[in-house]
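Chemist: starting from these lines, generate the structure:
(3 chains)
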Amino acid sequence: MPEGHTLRRLADDLSAAFAGRVVGVSSPQGRFAAESALLDGTELVLAESAGKHLFLDFAGGHVVHVHLGLIGGFRLGEGQAPAPVGQVRLRIEADGEGGPAAYADLRGATRCALVTPEKRDAVIAKLGPDPLRQDADPMRAWARIASSKRPIGDLLMDQEVIAGVGNVYRAEVLFRHRIHPLRPGRTLQRKQFQAMWDDLVVLMGEGVRVNRIDTVRPEHTPEAMGREPRRDDHGGEVYVYRRHEQACHVCGATIRTEILAGRNLFWCPRCQPKFRSRART
DNA sequence: ATGACATGATAAA
DNA sequence: TTATCCTGTCATA
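Modeler: Predicted coordinates:
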C-alpha cells in the first residue's frame, strides 16, 4: 500500500510511538536476525521518510533502511505484542516504560537493511523533489520533464524525477489536470507542471492526514453524485485508477487501461485528450 | 490447492 | 522488454 504518503505517515506514527525510547528489536522470521540483535535494547531516535523510503535512526549511528516495494507493510499496534503472524521480518516493541506499550511488524519489504548515515544520505540525494517536503524544489523536476521525450506518465513514476508518486497518484493527478499520460514531457507547459506539482503537494498531504488516497473533488464525491462509494481495499475515492471499462465520473466515457513501463496505466480518453482539442475561450 | 494480482524497483536479456 | 523478489488476498477449481 505504499506511495509517498504511506511512508510519511508511517514515519510520523513510528516516531510518535517509539522515538526517544529504548525498544526491543527482533526478527521473528529470521531474515533480519543478526541486525536485530545489534539494535535490540537500544534507543530508536527517530523515524523519517524520503519519497518511498523509510529510515529508522537508532542510537549509535545505526540506520535501518526500509523500502516496502509493491506488497510490503509495516503495521503498528497498541499494547503488548502478540505472537507474530505470518512472515514478520522486523518487529519493534516498547513496553509500558516511558510511554504506552506498542509494537510494529514489518512484512514483505523489498529492502530492510542496516546502513550507515552516509548511505542514507546517498539514497536521499538520488531522489527527485518530494511533494511532501516543505523544502522541495519542483524546478529540479521541471528541468527533467521539460527536456525529456519520455511520456509524462513514465516520468511521474521515476523516483529520480519526483519522489513519492506511485501508480495511483500518477493516474489521478494526470486526470485532474486533463493531461494524456503518453504526452512527451517536453510538450507540457511549465504552467501545467506547476499546477500538477501544487496539486500533488495538497493531495499527498491530505493522503498523509487521512492515510489513504482520495482524489475526487467535492462535486464528484459519491454523496454529491448519488453513487455507491468505492468499496475495495484502497478505500479512497478516485477518478480513473483501476476503473477501466467503467464510466468516467465526469464525462461518462469508458476509462481505458494500458501497460506503460510494466505498470497498469489508467486514463479517460475524453477528459485527457492526447492533443488539445480546442482553445479555451 | 492453485493462480492472478497488487499503491515497487532492479537486474538480466 | 522480461524475470525476479517480497507477502497476502481474493477468485477460481
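
Chemist: nearest residue to the residue of chain A found nearest DNA strand C in space, please, no chain neighbours.
Modeler: Closest to DNA strand C within chain A is A:Gly86: 2.2 Å, counting by Cβ to the nearest atom of the strand. Every C-beta, even on glycine, is put in place using the N, C-alpha and C of the backbone. Take A:Gly86 and drop its neighbours on the chain: the residue closest to it by Cβ to Cβ, 6 or more residues apart in numbering is A:Arg107, 6.0 Å away.

Chemist: residues contacting the closest residue to A:Ile213 other than its chain neighbours?
Modeler: Leaving out its chain neighbours, the residue that sits closest to A:Ile213 by Cβ to Cβ, 6+ apart is A:Gly236, at 4.3 Å. Listed by Cβ atoms under 8 Å, 6 or more residues apart in numbering, the contact set of A:Gly236 reads A:210, A:212-215, A:230.

Chemist: so A:Asp105 is in contact with A:Arg91, correct?
Modeler: Yes. Using Cβ atoms under 8 Å, A:Asp105 is in contact with A:Arg91, at 5.3 Å.

Chemist: quickly list what's touching both of the two.
Modeler: A:81, A:84.

Chemist: look at these two and report which has more neighbours.
Modeler: Taking neighbours as other Cβ atoms under 10 Å, A:Asp105 and A:Arg91 compare with A:Asp105 leading, 23 against 20.

Chemist: domains in chain A, by residue range?
Modeler: A:4-125, A:138-267 (automatic domain parsing).

Chemist: would you list the ones you listed in a markdown table and tack on distance to A:Leu132?
Modeler: A markdown table is the format used below for the domains of chain A (distance: least, Cβ to Cβ, whole Å):
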| stretch | distance to A:Leu132 |
| --- | --- |
| domain A:4-125 | 5 |
| domain A:138-267 | 5 |
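
Chemist: that concludes my questions; thank you for your assistance.
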